[in-house]
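1. got a structure for you, letters missing:
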């Protein structure tokens, strides 16, 4: 039952964060070791980031791991415990958990990357973008030099989160533009190292959003076509295709192609009109409101 909650909770973690928080707090513990990291990824994100209650997230993380000791296969859970403690205002407790993680891990350097990127992700998700970005930039350089480590997925997720956070801001500094570009590119590079083709095509979509935001519609169109090519070659992702079509409408508007813009926008609108998921429709409306129209 706990594994089902962890799988299905992501579907409503943002719209019903308090409900999910209570369900996680009521979950039977101790949990199987293979679920510790998965549990903390969801609880930290939901309680710490969405509900902005890191003390509560830290208490739950402590309860999950109470009486346990990290081993190489489970050390990543202590990286997430460290992040929860840090954001809850307990830096010494965070250092203790981080040291336990590094000491137990099969690769100390990889474990340190995992700890630091977990902290950067928590900061970014808590709207402390400047602090999170500063930590992220240092850790990214370390991870890029490491090559093919277990922390690659954490880097990919953090990169996507940072680029997404920045691309949605109404204005950015030149430094933030550069960071957004680097994060989006890193997200693609790391998903290619550790992810699936779906994660790769979605990273390409994010790169297209970034290119449009930077006034580079030609590059946006290239990323969109590459993403659509991955979908055509591997399977079906109709919702992703709709958002890619919307991004293409935006790029064509930026290029002054009124006819192409109207064609792509009408196609995306028609797809979205057929959806019956209110949350998905709201997301589409938000993205549509951001694009340039002619």
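-> Structure's in. What do you need? This one's a predicted model, so the numbers in the text were calculated from it and none came from an experiment.

2. CA atoms for contacts and neighbours, from now on please.
-> Fine.

3. For residue 72, which residues are in contact?
-> For residue 72, the contacting residues are 104, 105, 106, by Cα atoms under 8 Å, 6 or more residues apart in numbering.

4. Would you check those residues and say which has the weakest pLDDT?
-> Among the contacts of residue 72, residue 106 carries the lowest pLDDT, at 90.

5. Quick one: mean pLDDT for the host helix or strand of residue 266?
-> Taking DSSP states H and E as the criterion, residue 266 maps to helix 258-273. The average pLDDT within helix 258-273 is 97.

6. cool, stretch 184-200 as well?
-> Computed over stretch 184-200, the average pLDDT equals 95.

7. Which positions in that stretch come out as buried?
-> 184-194, 197-200 (16 or more other Cα atoms under 10 Å).

8. on that earlier part again, in a markdown table: the contacts of residue 72, plus neighbour count and distance to residue 235.
-> Converted to a markdown table, these look like this (neighbours: other Cα atoms under 10 Å; distance: Cα to Cα, whole Å):
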| residue | neighbour count | distance to residue 235 |
| --- | --- | --- |
| 104 | 19 | 40 |
| 105 | 20 | 37 |
| 106 | 14 | 36 |
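
9. If you count neighbours, what's buried in the helix holding residue 266?
-> So helix 258-273, judged by 16+ other Cα under 10 Å, has buried residues 260, 261, 262, 264, 265, 268, 269, 271, 272.

10. do the same with stretch 143-163
-> Going by 16+ other Cα under 10 Å, stretch 143-163 has these buried residues: 143, 149, 151-163.

11. what's in contact with that stretch?
-> By Cα under 8 Å, 6+ apart, stretch 143-163 touches 110-111, 113-114, 117-118, 120-121, 124-125, 129, 133, 136, 140, 179-181, 183-184, 186-191, 193-195, 203, 206, 210.

12. switch to 7 Å and redo it
-> Contact with stretch 143-163 is made by 110, 113-114, 117, 121, 124, 180, 183-184, 186-187, 190-191, 193-194, as judged by Cα atoms under 7 Å, 6 or more residues apart in numbering.
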